[in-house]
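**Q** Any chance you could fold what I've pasted below:
(one chain, ligands or ions: 1)
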Amino acid sequence: MNASKEKKMSNITLTIDGKEIQARSGMTVLEAALENGISIPHLCYHPELKPPGACRLCMVEMADGELVTACRVTVKTGMNIQTRSEAVDKAVRPIIELLVAYHHDNCRGCPANGKCELQKIMALYKIDRKRVRQLQPPAETKPVAALTSYFQYDANRCIQCGICLSTCEQVCGESLLHYVGRGHEMSVAFYGDEKKCEHCLKCLARCPVGALFIQTT
Ligand code: FES
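**A** Numbering: from 1, shown residues only. Down below sits the predicted model:
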(Lines give C-alpha, C1' and ligand atoms only; values in the text may rest on other atoms or scores of the structure.)
Protein backbone atom coordinates (compact mmCIF):
# COMPACT_ATOMS: atom_id res chain seq x y z
CA MET A 1 0.00 0.00 0.00
CA ASN A 2 1.49 3.36 -0.92
CA ALA A 3 1.90 6.08 1.74
CA SER A 4 -0.78 8.44 0.41
CA LYS A 5 -3.35 5.62 0.21
CA GLU A 6 -2.48 4.54 3.76
CA LYS A 7 -2.81 8.13 5.02
CA LYS A 8 -6.18 8.52 3.27
CA MET A 9 -7.44 5.29 4.83
CA SER A 10 -6.44 6.36 8.29
CA ASN A 11 -8.45 9.57 8.04
CA ILE A 12 -11.18 9.96 10.60
CA THR A 13 -13.81 12.67 10.52
CA LEU A 14 -15.15 14.03 13.77
CA THR A 15 -16.76 17.21 14.99
CA ILE A 16 -15.36 19.43 17.73
CA ASP A 17 -17.30 22.52 18.77
CA GLY A 18 -19.41 22.25 15.63
CA LYS A 19 -16.35 22.20 13.36
CA GLU A 20 -15.74 19.12 11.24
CA ILE A 21 -12.09 18.07 11.40
CA GLN A 22 -9.89 15.29 10.07
CA ALA A 23 -7.70 13.15 12.31
CA ARG A 24 -5.58 10.05 11.98
CA SER A 25 -6.40 6.72 13.53
CA GLY A 26 -4.75 6.31 16.95
CA MET A 27 -4.67 10.04 17.71
CA THR A 28 -6.26 11.24 20.92
CA VAL A 29 -9.05 13.80 20.89
CA LEU A 30 -6.61 16.29 22.46
CA GLU A 31 -4.01 15.75 19.72
CA ALA A 32 -6.64 16.05 16.99
CA ALA A 33 -7.98 19.27 18.53
CA LEU A 34 -4.53 20.85 18.94
CA GLU A 35 -3.50 19.88 15.41
CA ASN A 36 -6.63 21.67 14.15
CA GLY A 37 -6.07 24.83 16.18
CA ILE A 38 -8.74 24.07 18.80
CA SER A 39 -7.68 24.96 22.35
CA ILE A 40 -8.29 22.47 25.13
CA PRO A 41 -6.60 23.25 28.46
CA HIS A 42 -3.94 20.70 29.36
CA LEU A 43 -1.09 20.65 31.85
CA CYS A 44 0.06 17.03 32.18
CA TYR A 45 0.10 16.22 28.46
CA HIS A 46 3.33 16.27 26.47
CA PRO A 47 3.45 14.90 22.89
CA GLU A 48 6.48 12.69 23.65
CA LEU A 49 5.11 11.16 26.86
CA LYS A 50 2.35 8.71 27.68
CA PRO A 51 -0.57 10.81 28.96
CA PRO A 52 -0.98 10.23 32.71
CA GLY A 53 -4.43 11.87 32.82
CA ALA A 54 -3.43 13.58 36.06
CA CYS A 55 -4.50 17.21 35.74
CA ARG A 56 -8.10 16.57 34.51
CA LEU A 57 -8.10 19.91 32.72
CA CYS A 58 -8.64 18.47 29.25
CA MET A 59 -12.18 17.31 30.04
CA VAL A 60 -14.60 17.54 27.12
CA GLU A 61 -18.26 16.59 26.70
CA MET A 62 -19.29 13.76 24.38
CA ALA A 63 -22.60 13.82 22.48
CA ASP A 64 -24.26 11.66 25.17
CA GLY A 65 -23.21 14.09 27.90
CA GLU A 66 -20.36 11.97 29.24
CA LEU A 67 -17.28 13.92 30.36
CA VAL A 68 -13.98 12.37 29.28
CA THR A 69 -10.34 13.43 29.41
CA ALA A 70 -9.39 14.32 25.84
CA CYS A 71 -5.77 13.20 26.30
CA ARG A 72 -6.83 9.61 26.95
CA VAL A 73 -9.62 9.05 24.43
CA THR A 74 -8.78 8.12 20.86
CA VAL A 75 -10.67 9.60 17.93
CA LYS A 76 -13.49 7.72 16.22
CA THR A 77 -15.44 8.59 13.12
CA GLY A 78 -18.64 10.48 13.88
CA MET A 79 -17.60 11.69 17.33
CA ASN A 80 -19.27 14.96 18.29
CA ILE A 81 -17.45 16.79 21.06
CA GLN A 82 -17.88 20.03 22.94
CA THR A 83 -14.78 21.54 24.55
CA ARG A 84 -16.73 24.31 26.31
CA SER A 85 -20.16 23.54 27.74
CA GLU A 86 -21.86 24.16 31.06
CA ALA A 87 -20.92 20.67 32.24
CA VAL A 88 -17.27 21.09 31.19
CA ASP A 89 -17.10 24.49 32.84
CA LYS A 90 -18.56 23.11 36.07
CA ALA A 91 -15.94 20.35 36.13
CA VAL A 92 -12.87 22.23 34.96
CA ARG A 93 -13.21 25.74 36.41
CA PRO A 94 -12.87 24.68 40.08
CA ILE A 95 -9.71 22.72 39.22
CA ILE A 96 -8.16 25.78 37.58
CA GLU A 97 -9.21 28.05 40.44
CA LEU A 98 -7.63 25.77 43.02
CA LEU A 99 -4.44 25.46 40.98
CA VAL A 100 -4.21 29.24 40.76
CA ALA A 101 -5.01 29.68 44.46
CA TYR A 102 -2.12 27.42 45.45
CA HIS A 103 0.23 28.79 42.80
CA HIS A 104 2.64 31.65 43.55
CA ASP A 105 1.47 35.02 42.20
CA ASN A 106 4.80 36.52 41.27
CA CYS A 107 4.66 36.02 37.50
CA ARG A 108 7.14 38.83 36.86
CA GLY A 109 10.00 36.96 38.50
CA CYS A 110 9.17 33.62 36.88
CA PRO A 111 11.19 32.24 33.93
CA ALA A 112 7.95 30.93 32.38
CA ASN A 113 6.26 34.35 32.36
CA GLY A 114 4.66 34.91 28.95
CA LYS A 115 4.85 31.27 27.92
CA CYS A 116 3.33 29.70 31.03
CA GLU A 117 0.60 27.17 30.31
CA LEU A 118 -1.29 28.16 33.46
CA GLN A 119 -1.39 31.80 32.35
CA LYS A 120 -2.84 30.68 28.99
CA ILE A 121 -5.49 28.56 30.72
CA MET A 122 -6.41 31.42 33.06
CA ALA A 123 -6.90 33.69 30.05
CA LEU A 124 -8.95 31.07 28.19
CA TYR A 125 -11.29 30.59 31.17
CA LYS A 126 -11.22 34.27 32.20
CA ILE A 127 -10.40 33.26 35.76
CA ASP A 128 -11.70 35.71 38.34
CA ARG A 129 -8.73 36.53 40.60
CA LYS A 130 -11.04 37.99 43.28
CA ARG A 131 -12.83 34.65 43.63
CA VAL A 132 -9.52 32.82 43.62
CA ARG A 133 -8.25 35.01 46.46
CA GLN A 134 -11.08 33.71 48.64
CA LEU A 135 -9.82 30.17 48.06
CA GLN A 136 -6.24 31.10 48.84
CA PRO A 137 -4.56 29.43 51.82
CA PRO A 138 -2.69 31.65 54.34
CA ALA A 139 0.39 33.12 52.70
CA GLU A 140 3.25 30.71 53.01
CA THR A 141 6.32 30.61 50.82
CA LYS A 142 8.14 27.34 50.45
CA PRO A 143 11.91 27.58 50.06
CA VAL A 144 13.48 27.18 46.64
CA ALA A 145 15.54 23.96 46.60
CA ALA A 146 18.66 23.07 44.61
CA LEU A 147 17.77 19.64 43.22
CA THR A 148 21.18 19.15 41.57
CA SER A 149 24.20 21.35 41.03
CA TYR A 150 22.56 22.34 37.71
CA PHE A 151 18.99 23.19 38.53
CA GLN A 152 16.61 24.46 41.17
CA TYR A 153 13.01 23.75 42.04
CA ASP A 154 10.37 26.19 43.25
CA ALA A 155 7.50 24.29 44.90
CA ASN A 156 5.44 27.50 44.94
CA ARG A 157 5.19 27.30 41.16
CA CYS A 158 4.81 23.52 40.77
CA ILE A 159 1.38 22.30 39.64
CA GLN A 160 2.28 18.61 40.15
CA CYS A 161 1.68 17.61 36.54
CA GLY A 162 4.38 14.90 36.66
CA ILE A 163 5.93 15.83 33.29
CA CYS A 164 9.42 16.23 34.83
CA LEU A 165 9.25 12.78 36.45
CA SER A 166 8.09 11.06 33.24
CA THR A 167 10.70 12.95 31.21
CA CYS A 168 13.49 11.85 33.56
CA GLU A 169 12.29 8.25 33.30
CA GLN A 170 12.20 8.52 29.50
CA VAL A 171 15.77 9.89 29.34
CA CYS A 172 17.50 7.96 32.15
CA GLY A 173 15.46 4.73 32.13
CA GLU A 174 14.36 5.43 35.71
CA SER A 175 13.26 8.71 37.23
CA LEU A 176 15.75 10.40 39.53
CA LEU A 177 12.98 12.88 40.34
CA HIS A 178 10.29 11.78 42.77
CA TYR A 179 7.32 13.23 44.58
CA VAL A 180 7.62 13.65 48.33
CA GLY A 181 4.76 14.59 50.68
CA ARG A 182 1.03 14.51 50.00
CA GLY A 183 -1.69 16.81 48.67
CA HIS A 184 -0.71 20.47 48.46
CA GLU A 185 2.41 19.70 50.48
CA MET A 186 3.64 17.41 47.71
CA SER A 187 6.84 18.53 46.01
CA VAL A 188 9.54 17.19 43.70
CA ALA A 189 12.86 15.89 45.04
CA PHE A 190 15.96 14.42 43.44
CA TYR A 191 17.05 11.01 44.67
CA GLY A 192 20.13 9.03 43.80
CA ASP A 193 23.51 9.66 42.27
CA GLU A 194 23.73 12.97 40.39
CA LYS A 195 26.20 11.27 38.02
CA LYS A 196 23.25 9.30 36.65
CA CYS A 197 21.61 12.56 35.56
CA GLU A 198 22.24 13.18 31.85
CA HIS A 199 21.96 16.96 32.38
CA CYS A 200 19.80 17.07 29.27
CA LEU A 201 17.61 19.69 31.02
CA LYS A 202 14.56 18.36 29.20
CA CYS A 203 12.71 18.33 32.53
CA LEU A 204 13.23 22.11 32.71
CA ALA A 205 12.28 22.69 29.10
CA ARG A 206 9.06 20.71 29.43
CA CYS A 207 7.92 22.16 32.78
CA PRO A 208 4.73 24.07 31.83
CA VAL A 209 5.04 26.65 34.61
CA GLY A 210 8.74 27.35 35.27
CA ALA A 211 8.99 25.37 38.53
CA LEU A 212 12.36 23.93 37.43
CA PHE A 213 15.04 26.34 36.35
CA ILE A 214 18.81 26.69 35.94
CA GLN A 215 20.90 27.13 39.06
CA THR A 216 22.21 30.68 38.92
CA THR A 217 24.58 30.83 41.91
S1 FES B 1 -3.90 16.87 29.87
FE2 FES B 1 -5.43 15.38 30.03
S3 FES B 1 -5.57 14.98 32.14
FE4 FES B 1 -3.94 16.41 31.99
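**Q** ok, longest helix in this protein?
**A** Ordering each helix of the chain by length in residues (DSSP state H) puts helix 86-101 first.
**Q** list the buried ones in it?
**A** For helix 86-101, the neighbour count (16 or more other C-beta atoms under 10 Å) marks 88, 91-92, 95-97, 99-101 as buried. Glycine gets a C-beta too; all of them are placed from N, C-alpha and C.
**Q** In which helix or strand does the spatially closest residue to Glu198 that is not a sequence neighbour reside?
**A** Leaving aside its sequence neighbours, Glu198 sits nearest to Val171 (C-beta to C-beta, 6 or more residues apart in numbering; 5.5 Å). Using DSSP states H and E, Val171 maps to helix 163-172.
**Q** ok, then the element right after the lowest-mean-pLDDT helix or strand in the chain?
**A** Least confident helix or strand, the chain: helix 3-9 with a mean of 48, by mean pLDDT, DSSP states H and E. Using DSSP H and E, the next helix or strand after helix 3-9 towards the C-terminus is strand 11-16.
**Q** Distance from that following strand to the middle of the chain?
**A** Remark: strand 11-16 is offset 24 Å from the chain centroid, using C-alpha atoms, centre = their mean, to the nearest Å.
**Q** what number of residues lie near Gly18?
**A** 8 (other C-beta atoms under 10 Å).
**Q** So which elements touch the longest helix of the chain?
**A** strand 59-61, strand 67-69, helix 117-124, helix 129-135 (3 or more C-beta pairs under 8 Å, 6 or more residues apart in numbering; DSSP states H and E).
**Q** Next, work out how far apart the residue nearest to the spatial centre of the chain and the ligand are.
**A** In the chain, the centroid-proximal residue (C-alpha atoms, centre = their mean) is Leu43; its distance is 1.2 Å. Separation of Leu43 from the ligand (C-beta to the nearest ligand atom, to the nearest Å): 6 Å.
**Q** Identify the bridge partners of the nearest residue to Val75 once chain neighbours are set aside.
**A** Nearest non-adjacent residue to Val75, counting by C-beta to C-beta, 6+ apart: Ala23, 4.4 Å away. In this entry, Ala23 is beta-bridged to Ile12, by DSSP bridges.
**Q** quick one: contacts for Ala23?
**A** Counting by C-beta atoms under 8 Å, 6 or more residues apart in numbering, Ala23 touches 11-14, 31-32, 35-36, 75.
**Q** Might you enumerate the residues of the chain proximal to the ligand?
**A** Within the chain, the positions lying close to the ligand (C-beta under 6 Å from any ligand atom) are 42-45, 51, 53-58, 69, 71.
**Q** which of those count as buried?
**A** If we count by 16+ other C-beta under 10 Å, those have these buried: 42-45, 51, 54-58, 69, 71.
**Q** could you dump these to JSON lines with secondary structure?
**A** As requested, those are arranged in JSON lines below (DSSP: H, G, I helix; E, B strand; the rest coil):
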{"residue": "His42", "secondary structure": "coil"}
{"residue": "Leu43", "secondary structure": "coil"}
{"residue": "Cys44", "secondary structure": "coil"}
{"residue": "Tyr45", "secondary structure": "coil"}
{"residue": "Pro51", "secondary structure": "coil"}
{"residue": "Ala54", "secondary structure": "coil"}
{"residue": "Cys55", "secondary structure": "coil"}
{"residue": "Arg56", "secondary structure": "coil"}
{"residue": "Leu57", "secondary structure": "coil"}
{"residue": "Cys58", "secondary structure": "coil"}
{"residue": "Thr69", "secondary structure": "strand"}
{"residue": "Cys71", "secondary structure": "coil"}
